[in-house]
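Participant: Dropping the sequence and predicted coords here.
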Amino acid sequence: MEEARRAALNRVRPIETEEIGLMESIGRRLAEEVRTKEPIPHFRRSGMDGFAVRFEDVAHASPSKPVELEIIEQIPCGKEPVKQITKGKASRIMTGGMVPDGADAVIMLEMTEEITRGDRAYVNIRKADTRGANITPIGEEADGGAKVLEKGQVIGAGQTAILAALGYSRIKVFRKPKVAVISTGTELLQVAEPLLMGKIRNSNAYMLSAQILSAGGEPLLVGQIPDDYTRAERMIYELLSSDADLILTTGGVSVGDYDIMADFFMKWGGATLFNKIAMRPGSPTTAGFWRDKLVFGLSGNPSACFVGFE
Ligand SMILES: Nc1nc2c(c(=O)[nH]1)N[C@H]1C(S)=C(S)[C@@H](COP(=O)(O)OP(=O)(O)OC[C@H]3O[C@@H](n4cnc5c(N)ncnc54)[C@H](O)[C@@H]3O)O[C@H]1N2
Ligand code: MOO
């Protein structure tokens, strides 16, 4: 199987790229690596609601010997602090807030008690914690210029969040490959048709469309044809000079009298890469290429067709 995979992959060329909006890029593949422009976070960030302090001031604080500090500023998220923390001072800070200069620890609100005397506010600190406690230093999550996403990665929820956080409103992605599907089989009915003796509805074309979509391609259901060699040949040659990037056929690749795709791959103008794979289901999976296009002859047997595609 690895050999067959390699034979096919050796023939593929990288697809063109396009630049699209962030929302449209969800589910697509990145055409370039993504690096941070600034460190993340780009300011010292508090991880708790509490008080920004100088560790030195509270190093010996305990429930029985709390340390009292004067509150000099309120720092909600999104505000740049204006006051520096000096000896005996503290600022009230929220989770996600910017830690003021001079502070080197944030004490959780639960370890403190606020008091007011006259028109001044103070806080009693009952626990010292450690130097640097509850502060995310600049660049802790990623340095400025660090590679955070690889070329070729699928843009899922996490990747979308990263792109948004880094300020990418337009994304360079690979174009979706157009994958043409031809279903062969005289027994095939359209999905909406009533059943007839000996006939079945074409389920492979829809199963393959779902697989193509999951793999990031654009399915084109180009036709459902009977086991008629000339029609199949004409359809494939037309597709080879169309804008389809890849051609898939289902059915007719085994040794039966009407297995027209097996004949096609023996006689066509392209090169056949393999016409059997040591796997089950999917043993008659066939592949060839013509100029720069791959054509896969997948089995008609639904489970073999599914596995052959994967
Ligand atoms: N004498 C031999 N007979 C078979 C061999 C063999 O080595 N010697 N291999 C068997 C294996 S394994 C498989 S797999 C199948 C492969 O057959 P084909 O890929 O040529 O497929 P068909 O004969 O056209 O159809 C097989 C089966 O699937 C149904 N089918 C076909 N198209 C569709 C469709 N679009 N949607 C749903 N179902 C479809 C078709 O009616 C048949 O029942 O060959 C074995 N035989
Ligand atoms: O090889 Mo067939 O593909 O067993 O079902």
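Facilitator: That came through, no problem. Ligands and ions are numbered 1, 2, ... in the order given.

Participant: Not counting sequence-adjacent ones, nearest residue to G251?
Facilitator: Of all residues not flanking G251 in the chain, G300 sits nearest, at 3.1 Å (C-beta to C-beta, 6 or more residues apart in numbering). C-beta coordinates here come from the backbone N, C-alpha and C atoms, glycine included.

Participant: What count of nearby residues applies to the closest residue to T112 other than its chain neighbours?
Facilitator: Nearest residue to T112 in three dimensions, chain neighbours excluded: V123, at 5.1 Å (C-beta to C-beta, 6+ apart). Residues near V123, counting by other C-beta atoms under 10 Å, number 23.

Participant: Please apply the same query to the one 4 residues further on.
Facilitator: Applying other C-beta under 10 Å, we find 16 residues neighbouring K127.

Participant: so who does it touch?
Facilitator: Counting by C-beta atoms under 8 Å, 6 or more residues apart in numbering, K127 touches 58, 61-63, 107-108, 111.

Participant: Nearest to L240 among the residues you listed?
Facilitator: Closest to L240 out of the contacts of K127 is M108 (67.6 Å), distances taken as C-beta to C-beta.

Participant: Any idea what that closest one is bridged to?
Facilitator: Beta-bridge pairing for M108 (DSSP bridges): G50.

Participant: ok, back up a step: show me which of the contacts of K127 is closest to G88.
Facilitator: V58 (10.5 Å).

Participant: Next, count neighbours for the closest one.
Facilitator: V58: 23 surrounding residues under other C-beta under 10 Å.

Participant: pretty sure it is touching V67, no?
Facilitator: Yes: the criterion here is C-beta atoms under 8 Å, and V58 meets it with V67 at 5.0 Å.

Participant: So for these two, which residues contact both of them?
Facilitator: I125.

Participant: What is the end-to-end distance of stretch 292-310?
Facilitator: 21 Å (C-alpha to C-alpha, to the nearest Å).

Participant: Over that stretch, what's the mean pLDDT, rounded is fine.
Facilitator: What stretch 292-310 shows for mean pLDDT is 97.

Participant: Which stretches in this protein count as helices?
Facilitator: With DSSP state H as the criterion, the chain has helices at 2-9, 55-58, 157-165, 204-214, 229-240, 260-267, 302-309.

Participant: So which of the ones you listed is nearest K293?
Facilitator: Using C-beta to C-beta, the helices of the chain put helix 229-240 closest to K293, at 5.8 Å.

Participant: Remind me what the closest one packs against, helices and strands.
Facilitator: Using 3 or more C-beta pairs under 8 Å, 6 or more residues apart in numbering; DSSP states H and E as the contact test, the elements touching helix 229-240 are strand 178-184, strand 218-225, strand 246-250, helix 260-267, strand 293-298.

Participant: Tell me the buried residues in that helix?
Facilitator: 232-233, 235-236, 239-240 (16 or more other C-beta atoms under 10 Å).

Participant: dump the residue contacts of S303.
Facilitator: 281-282.

Participant: Could I get the helices and strands packed on helix 229-240 in JSON lines, plus columns for distance to R45?
Facilitator: Converted to JSON lines, these look like this (distance: least, C-beta to C-beta, whole Å):
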{"stretch": "strand 178-184", "distance to R45": "46"}
{"stretch": "strand 218-225", "distance to R45": "42"}
{"stretch": "strand 246-250", "distance to R45": "47"}
{"stretch": "helix 260-267", "distance to R45": "61"}
{"stretch": "strand 293-298", "distance to R45": "50"}
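
Participant: Same list, the ones you listed, but as CSV with distance to ligand 1 and mean neighbour count please.
Facilitator: Below are those laid out as CSV (distance: least, C-beta to the nearest ligand atom, whole Å; neighbours: other C-beta atoms under 10 Å):
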stretch, distance to ligand 1, mean neighbour count
strand 178-184, 4, 24
strand 218-225, 7, 18
strand 246-250, 5, 26
helix 260-267, 7, 19
strand 293-298, 7, 23
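
Participant: any idea which of the contacts of K127 is the one closest to I135?
Facilitator: Nearest to I135 among those is I107, at 11.0 Å by C-beta to C-beta.

Participant: any idea how far the closest one lies from ligand 2?
Facilitator: 67 Å (C-beta to the nearest ligand atom, to the nearest Å).

Participant: Could you do G223 as well?
Facilitator: From G223 to ligand 2 the distance is 23 Å (C-beta to the nearest ligand atom).

Participant: what does this protein have sitting close to ligand 2?
Facilitator: 280-283, 299, 301, 304 (C-beta under 6 Å from any ligand atom).

Participant: Kindly reformat those residues as a markdown table and extend each row with distance to ligand 1.
Facilitator: Converted to a markdown table, those look like this (distance: C-beta to the nearest ligand atom, whole Å):
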| residue | distance to ligand 1 |
| --- | --- |
| R280 | 7 |
| P281 | 6 |
| G282 | 7 |
| S283 | 5 |
| S299 | 3 |
| N301 | 4 |
| A304 | 4 |
